[in-house]
Structures are given as C-alpha cells and as structure tokens.
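Student: Prediction below, plus the sequence it came from.
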Amino acid sequence: MRAVLSLLVCLIFVFFAFPAQSAQYRVVDVTSGDTITLEPSHGGDRTTVKLYGIDCPEMDQPFGQPARLFVINAARFKRVYILPAPQDQDSDGRRMVVVEVPGRGILQELLLTAGLAWVSPQYCQDCDEWKQLETAARDRGRGLWARGEEAVPPWEWREGKRPAR
C-alpha cells in the first residue's frame with residue numbers, strides 16, 4: 001500500500017511539474033504585441049495565434065510598436081512551447097495560446113512586467129497573478145504606464161475612444 005501511495009505521489013508531481021505541452025513551435029512572425037505566427041518545429045502548417053489573457057496596444061496606438069518589438073526580441077525565430085489556454089478562441093476566431101519561451105518565461109508575463117499589455121477583462125477574469133504583474137508595472141511607471149492615466153486600453157481604442165490631439 002505504501003508503495004502504491006508513493007507511486008501516486010510521484011505521478012502527481014510529474015503531472016504538475018511538467019504540464020501538458022503540445023509540440024514545440026518556432027515563432028516565425030510577429031504581427032503585433034499579442035499576435036504571432038507559429039510553425040511546428042517538426043514541420044507542418046503555420047498558424048497565426050493570439051496570446052491568451054492579454055491585450056497589447058494596437059499598432060496605431062502609443063506603445064503598439066514597442067510591444068511588437070518586445071515580442072520580436074523575446075521570441076521571434078526562437079523555439080517556444082504552447083501551453084493549454086482556458087479558452088480556445090477569441091471573438092475573431094483566432095486560436096488563443098499561452099506561450100512559454102524557454103529560459104525567459106511566459107511571454108504574456110514578460111509583456112505585463114514590461115508594462116506593454118493589459119490583462120484582458122474579456123478573456124481573463126480569473127488571472128489574479130497576471131493582474132498583479134500589470135499593477136506592479138503601473139505602480140513602477142513601466143512602459144505604457146509611464147504616461148500615467150493617459151494610457152487608453154486597446155478595447156477602448158478600437159471603439160474610437162482616443163485622446164484628442
């Protein structure tokens with residue numbers, strides 16, 4: 001009985017220590033801070049995906065280009081792992097994924113820490129750890145938070161709620 005219990009504990013450890021990962025991919029293009037194109041490492045069709053749980057500034061929005069450049073520097077042409085996301089698709093039908101860059105961490109967390117993304121209120125209601133990263137970046141004035149309260153969330157920007165110039 002003790003051996004069975006030990007085996008069960010080991011299996012649980014392995015399950016949580018090595019979460020289910022799909023095949024390894026390579027980032028071949030970065031459309032924006034939260035949209036990338038992946039290619040399976042062992043061949044196959046390329047696919048464009050949305051980073052789950054975050055929303056980066058639009059490309060015509062302040063900090064849109066820096067968010068894209070950040071992702072280019074962090075992940076383009078690198079091998080990454082795609083981790084399961086709580087939700088499969090966004091409202092535009094794009095596959096949503098969590099991206100792990102080996103040796104760097106979760107791409108979404110890197111963007112939030114750099115102050116280049118918001119936690120998406122539409123897709124990530126239970127992302128308390130990520131919300132803490134966003135708050136910490138805001139409190140430190142990093143990235144788009146250096147502008148103070150002028151930062152317009154992308155979901156408002158898309159609706160035309162842009163600051164007067």
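Tutor: On my side now, so go ahead. Residues are numbered from 1 along each chain as shown.
Student: Number of residues surrounding residue 35?
Tutor: Neighbours of residue 35 under the rule other C-beta atoms under 10 Å: 19. No exception for glycine: its C-beta is placed from N, CA and C like everyone else's.
Student: go on, residue 55?
Tutor: Residue 55 has 24 nearby residues by other C-beta under 10 Å.
Student: shouldn't it be in contact with residue 34?
Tutor: Yes. Using C-beta atoms under 8 Å, residue 55 makes contact with residue 34 at a distance of 6.3 Å.
Student: Can you name the next helix or strand after the helix-or-strand element of the chain with minimal mean pLDDT?
Tutor: One helix or strand of the chain scores below all others by mean pLDDT, DSSP states H and E: helix 2-17, with a mean of 37. Next along the chain after helix 2-17, taking DSSP states H and E as the criterion, comes strand 24-32.
Student: tell me what the helix or strand following that following strand is packed against?
Tutor: Where DSSP H and E defines the elements, the next helix or strand beyond strand 24-32 is strand 35-40. Contacts defined by 3 or more C-beta pairs under 8 Å, 6 or more residues apart in numbering; DSSP states H and E place strand 35-40 against strand 24-32, strand 47-51.
Student: Let me know which of those is tucked in deepest.
Tutor: The highest mean neighbour count among these belongs to strand 47-51 (a mean of 20), with neighbours defined as mean count of other C-beta atoms under 10 Å.
Student: Can you give me the distance of the spatially closest residue to residue 53 that is not a sequence neighbour to residue 24?
Tutor: Leaving aside its chain neighbours, residue 53 sits nearest to residue 124 (3.7 Å; criterion: C-beta to C-beta, 6 or more residues apart in numbering). From residue 124 over to residue 24 the distance is 25 Å, taken as C-beta to C-beta, to the nearest Å.
Student: For residue 62, which residues are in contact?
Tutor: Residue 62 is in contact with 144, 147, 151, counting by C-beta atoms under 8 Å, 6 or more residues apart in numbering.
Student: same thing but at 7 Å, please
Tutor: 144, 147 (C-beta atoms under 7 Å, 6 or more residues apart in numbering).
Student: any idea of the pLDDT on it?
Tutor: On the pLDDT scale, residue 62 is placed at 93.
Student: Against residue 94, how distant is it?
Tutor: Taken as C-beta to C-beta, the span from residue 62 to residue 94 is 24 Å.
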